[in-house]
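Undergrad: return atomic coordinates for the entry below.
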Amino acid sequence: MIAHYGFSATLTARPGMGDQLVELLLTGLNEGNPGASEYCLVYLVSRSASDPDVIHVAEGWTSEEDHHRVFAGKTAQTIVAQIDPLLAKDSEYTDYVPVRGKYAL
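TA: Residues are numbered from 1 along each chain as shown. Below you'll find the predicted structure:
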């Protein structure tokens with residue numbers, strides 16, 4: 001499959017809560033969660049090298065419609081609701097259309 005839609009997000013956790021935010025985001029890969037969906041082709045959680053409370057998420061999806069449909073579901077909304085209390089400020093999002101690259105499962 002080819003990713004036709006993607007986005008990246010930068011999330012800044014409240015001081016000292018970066019580990020908790022990372023663990024929550026990684027639950028997105030558990031069976032039945034958005035990152036484990038057949039429509040999610042890339043789900044990468046990274047941490048800033050200079051600030052452990054700054055977390056980056058990159059996702060690649062089969063289509064924008066698939067992404068929105070999966071994230072409208074109860075499972076995704078439950079995770080999203082748990083993220084907000086961990087944040088020090090609003091997250092920054094950038095959507096994009098993948099052109100070419102590499103990812104492996």
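Undergrad: going forward, measure contacts and count neighbours with C-alpha atoms only.
TA: Noted.
Undergrad: can you list contacts of stretch 52-67?
TA: With contact meaning Cα atoms under 8 Å, 6 or more residues apart in numbering, stretch 52-67 is reached by 1-19, 21-22, 39-48, 98.
Undergrad: where does the nearest residue to Val54 once chain neighbours are set aside land in three-state SS?
TA: For Val54, the nearest residue in space outside its immediate sequence neighbours is Thr12; the separation is 4.5 Å by Cα to Cα, 6 or more residues apart in numbering. Following DSSP: H, G, I helix; E, B strand; the rest coil, we place Thr12 in the strand state.
Undergrad: pretty sure Thr12 sits against Glu92.
TA: No. When contacts are counted by Cα atoms under 8 Å, Thr12 is not listed as touching Glu92 (9.1 Å).
Undergrad: more crowded one of those two?
TA: Thr12 (23 against 11; other Cα atoms under 10 Å).
Undergrad: contacting residues around the more buried one?
TA: The contact partners of Thr12, taken as Cα under 8 Å, 6+ apart, are Gly18, Asp53, Val54, Ile55, Leu87, Ala88, Lys89, Asp90, Ser91.
Undergrad: next, count neighbours for the nearest residue to Ser48 once chain neighbours are set aside.
TA: Among residues not flanking Ser48 along the chain, Val54 sits closest, at 5.5 Å (Cα to Cα, 6+ apart). The burial metric for Val54, expressed as a neighbour count using other Cα under 10 Å, is 22.
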